[in-house]
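**Q** Fold the following, please.
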Amino acid sequence: MKIKTLLLFSALTSAVSIQSQDKNKTAMNPFFETYTTPYQVPPFDLIKIEHFKPAILEGIKKQEAEINAIVSNKEKATFDNTVLSMENSGKLLSKVSTVFYNLNSANTNEEIQAIAKELAPKLSAHNDNIYLNDALFKRVKTVWDNQKNFNLNKEQAKILENLYKNFIRSGANLSEENKKRLREINSEMAVATLKYGQNILAETNAYELVIADKNDLAGLPNELIETAAADAKSRKKEGKWVFTLSNSSVMPFLQYSSNRKLRSEIWNAYQMRANNNNDKDNKELAIKIANLRGEKARLLGYATHADYVLEKSMAKNPETAIKLLNDLWVPALNMANKEAADIKVMMEKDGIKDEVQPYDWRYYTEKIRKERFNLDEQEMKPYFSLEKTREGVFTVCKNLYGLEFKQLNNVPKYHADVTVWEVTEANGRHVGILYMDFHPRASKRGGAWMTSYRSQKMENGKRIAPVVSIVCNFTKPTENAPALLTFDEVSTFFHEFGHALHGLLSNVTYESLAGTSVPRDFVELPSQIMENWASEPEVMRMYAKHYKTGEVIPDALIEKMQKAGTFDQGFITTEYLAASLLDMAYHTQKSAITIDAETFEKTAMNKINLPATIISRYRSTYFNHIFAGGYSAGYYSYIWSGVLDTDAFEVFKINGLFNSDYAKSFRTNVLEKGGTEDPMELYKSFRGAAPSVEPLLRKRGLDQVK
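**A** Modelled structure (predicted):
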């Protein structure tokens with residue numbers, strides 16, 4: 001996702017959700033009851049912080065009993081009494097965990113984080129108690145070895161395969177001594193990854209650039225200044241302006257501020273997050289996590305953590321993934337070097353003789369874009385209000401898949417900023433519930449992501465509809481204007497909505513195969529293909545309307561955007577590839593890393609000749625994706641899926657953006673299938689052939705770069 005994880009905060013700001021209550025008062029724990037809310041969504045208005053820990057502990061206890069019942073069953077192991085029973089176990093634990101960990105990302109506080117830290121080793125031990133249970137594995141292996149006798153359908157065969165391999169990959173075949181060490185590793189990693197993410201949020205929230213002199217605002221757009229003034233007021237610094245390390249604040253500051261000294265100051269704070277030799281420093285944690293992962297992989301018989309992870313991916317092994325990255329690296333770097341030379345020329349025009357610095361890139365790129373294409377992003381933003389962009393996303397989904405969206409005002413939500421929507425088919429049939437949470441706050445981690453509160457499944461022949469959420473950190477509205485998005489934010493909206501569709505349109509039998517339960521390098525296909533519609537002129541005219549006048553975006557402006565489509569792609573691709581290769585460097589080590597994180601990162605970046613003008617998109621101390629998220633040895637997946645999405649979108653470019661036959665094929669072969677089949681086979685069922693890299697090179701303007 002654009003990823004786009006968990007942090008240290010002040011108290012929750014929601015007026016309707018999670019509040020502590022007097023511990024002397026007793027109340028029913030809503031997690032122990034059947035939800036009676038509309039569509040059985042979580043009752044956020046009733047859930048309190050003190051409900052989480054007892055519900056999670058009870059969930060662990062209940063699943064332990066369910067597992068014990070499977071193990072003690074005197075009947076011979078079958079698919080139903082072993083595999084299906086495991087599939088259906090842990091419902092209470094899942095019910096409370098989805099709410100708890102989603103709030104820990106989107107609306108957390110110190111109490112929630114303390115609970116997460118306390119429970120991390122307990123949950124790790126619980127998982128180990130399941131997958132290192134010899135008697136349980138024996139039953140699963142019996143079903144695996146005799147699967148031909150059970151007449152399994154495709155989905156049943158898949159969950160059996162997944163379960164059996166999960167046991168193997170979780171250490172079921174290890175010696176008792178190695179199982180003991182594996183438990184220790186898992187427990188240490190659970191705490192370390194949680195702490196890593198919390199440190200990033202704490203560092204992000206701790207910094208503020210306070211400007212008192214209005215002259216230091218030179219170059220900044222009015223809405224950014226207004227937002228900074230509002231932030232200052234909320235921090236009791238009225239009459240000043242506050243800029244933060246939230247992307248919606250720091251990135252436009254770097255893009256527009258003509259004050260090079262201040263750009264340098266906020267940039268250095270951004271790129272030194274969790275690297276300040278204080279109690280929130282992540283240098284040791286990054287090495288610790290990488291080493292623990294490597295040790296675990298070797299215990300399990302893999303050469304490296306990357307080999308362990310990629311066994312279940314489309315790439316299959318790190319060599320294949322690294323080859324793709326390296327094949328793109330040279331043309332991307334060559335283009336980036338040309339872009340840096342252009343920036344150097346413009347800096348010299350401004351009388352700056354220094355070398356190009358990372359904090360110069362966005363500022364001068366914007367100036368060059370304006371000069372070369374007569375395109376100013378501030379000229380574009382009035383046409384991309386959040387409301388109209390949302391309508392555009394809905395229109396694309398209606399035209400492709402016949403979906404309708406209705407806002408709900410009678411459904412509990414976890415924060416006042418959140419909106420809730422019912423999604424239906426054209427005939428009115430209920431598809432699912434969608435939460436959308438758009439703006440930054442101290443209780444929310446950075447980035448953008450999609451998640452689920454309830455995954456789709458079948459129960460007694462009835463489809464249990466999913467409840468999904470997209471969470472972003474878009475530019476806030478001001479007193480004088482609604483939330484106006486950059487086109488990058490527009491693309492992010494479409495991107496995360498693609499993930500949401502993957503969850504909403506899931507149509508499988510078993511929950512463990514639903515929606516986004518697919519390999520990491522396939523999960524980004526539904527999201528990234530959606531981005532393509534955002535920039536199509538035909539689609540843009542549907543939603544890009546001036547927030548004041550209602551005027552449709554002029555064709556001349558669209559044309560300028562199209563001409564600038566490959567502009568700055570050298571920089572964008574290079575910083576991304578650098579991060580992907582840094583990820584691989586950490587996770588392809590065949591022995592423990594014995595140097596510090598700064599030295600390790602510097603060595604890895606020197607190896608690929610990353611120029612000083614560009615840094616890795618994420619540095620070692622704030623690379624949430626790989627050290628606190630689910631993308632370890634998998635950050636490459638965005639570019640892998642980029643090959644898939646550009647190849648897939650060509651079908652629509654050739655046959656019509658809303659071609660009903662291909663839309664139906666993409667829905668039935670990709671969006672509805674979840675993890676029921678091999679992803680390459682799903683792709684080929686839609687496309688008719690394996691993907692080609694050429695469309696991606698053309699899209700990024702890298703096909704002509706030598």
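**Q** Listing partners with orientation, what would you give for the strand of greatest length in the chain?
**A** The strand that spans the most residues within the chain, counting by DSSP state E, is strand 430-437. Here strand 430-437 has these sheet partners by DSSP bridges: strand 419-424 (antiparallel), strand 467-471 (parallel).
**Q** Please state the offset of the helix or strand just after it from the chain centre?
**A** Toward the C-terminus, strand 430-437 is succeeded by strand 449-454 as the next helix or strand (DSSP states H and E). On the basis of CA atoms, centre = their mean, to the nearest Å, strand 449-454 is displaced by 10 Å from the centre of the chain it belongs to.
**Q** now strand 449-454 against strand 430-437, angle please.
**A** 130 degrees (axes from the mean of the first three to the mean of the last three CA atoms, to 10 degrees).
**Q** Of the strands paired with strand 430-437, which is nearest residue 70?
**A** strand 467-471 (28.1 Å; CB to CB). (Glycine included, C-beta is placed from N, CA and C.)
**Q** following the closest one, which helix or strand shows up next?
**A** helix 487-504.
**Q** who does that next one touch, helix- and strand-wise?
**A** helix 386-401, strand 430-437, strand 449-454, strand 467-471, helix 520-534 (3 or more CB pairs under 8 Å, 6 or more residues apart in numbering; DSSP states H and E).
**Q** chain center to that helix, what's the gap?
**A** How far helix 487-504 lies from its chain's middle: 11 Å, per CA atoms, centre = their mean.
**Q** try stretch 377-392
**A** Using CA atoms, centre = their mean, the offset of stretch 377-392 from its chain centre is 23 Å.
**Q** got it, and stretch 665-675?
**A** 20 Å.
**Q** avg pLDDT for it?
**A** On average, the pLDDT along stretch 665-675 is 98.
**Q** First-to-last residue distance for it?
**A** For stretch 665-675, the first-to-last residue distance is 17 Å (CA to CA, to the nearest Å).
**Q** in it, what counts as buried?
**A** The neighbour-count check on stretch 665-675 (16 or more other CB atoms under 10 Å) flags 665-667, 669-675 as buried.
**Q** just these now: which is nearest residue 283?
**A** Out of the buried residues of stretch 665-675, the member with the shortest distance to residue 283 (by CB to CB) is residue 675, at 36.0 Å.
**Q** ok, that closest one touching residue 158?
**A** Yes: counting by CB atoms under 8 Å, residue 675 does reach residue 158; the two are 7.1 Å apart.
**Q** quick one: common contacting residues for these two?
**A** residue 513 (CB atoms under 8 Å, 6 or more residues apart in numbering).
**Q** before we move on, the earlier item: looking at the strands paired with strand 430-437, which one is packed in the most?
**A** strand 467-471 (a mean of 24; mean count of other CB atoms under 10 Å).
**Q** and the buried residues of stretch 665-675, which of them are in helices?
**A** Among these, the members found in helices (DSSP state H) are 665-666.
**Q** Quick check: the farthest pair among the buried residues of stretch 665-675?
**A** Counting by CB to CB, the most remote pair of the buried residues of stretch 665-675 is 665 and 675, 18.7 Å apart.
**Q** Could you check how far residue 385 is from residue 219?
**A** Residue 385 sits at a distance of 23 Å from residue 219 (criterion: CB to CB, to the nearest Å).
**Q** Between the two, which is the more surrounded one?
**A** Counted by other CB atoms under 10 Å, residue 385 and residue 219 do not tie: residue 385 has more neighbours, with 22 against 16.
**Q** phi, psi of the closest residue to the more buried one other than its chain neighbours?
**A** Ranked by CB to CB, 6 or more residues apart in numbering and with sequence neighbours excluded, the top spatial neighbour of residue 385 is residue 547, at 4.2 Å. With angles defined as degrees, to the nearest 10, residue 547 sits at phi -70, psi -20.
**Q** was I right about residue 547 contacting residue 481?
**A** Yes: counting by CB under 8 Å, residue 481 is a contact partner of residue 547 at 6.7 Å.
**Q** And the helices in the stretch 601-706 of the chain?
**A** Secondary structure of the stretch 601-706 of the chain (DSSP state H, counting those that start in this stretch): helices at 624-627, 637-655, 660-666, 679-687, 694-699.
**Q** now the stretch 51-200 of the chain
**A** 85-87, 91-106, 110-131, 134-145, 154-169, 176-206.
**Q** Which other helices and strands does the second one contact?
**A** Taking 3+ CB pairs under 8 Å, 6+ apart as contact, the helices and strands that helix 91-106 lies on are helix 49-71, helix 110-131, strand 449-454, strand 467-471.
**Q** which of those sits most buried?
**A** Most buried among those, counting by mean count of other CB under 10 Å: strand 467-471, with a mean of 24.
**Q** orientation of that one relative to helix 487-504 in degrees?
**A** Strand 467-471 and helix 487-504 are oriented at 170 degrees to each other (the same axes, to 10 degrees).
**Q** for residue 385, what are its contacts?
**A** Applying CB under 8 Å, 6+ apart, the residues near residue 385 are 482-485, 545, 547.
**Q** farthest-separated two in those residues?
**A** That would be 483 and 545, which, of the contacts of residue 385, are the farthest apart (CB to CB) at 14.5 Å.
**Q** ok, back up a step: reformat the helices and strands packed on helix 91-106 into a markdown table and put distance to residue 613 and mean pLDDT next to each item.
**A** As requested, the helices and strands packed on helix 91-106 are exported to a markdown table (distance: least, CB to CB, whole Å; pLDDT from 0 to 100):
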| stretch | distance to residue 613 | mean pLDDT |
| --- | --- | --- |
| helix 49-71 | 46 | 98 |
| helix 110-131 | 37 | 97 |
| strand 449-454 | 30 | 97 |
| strand 467-471 | 32 | 98 |
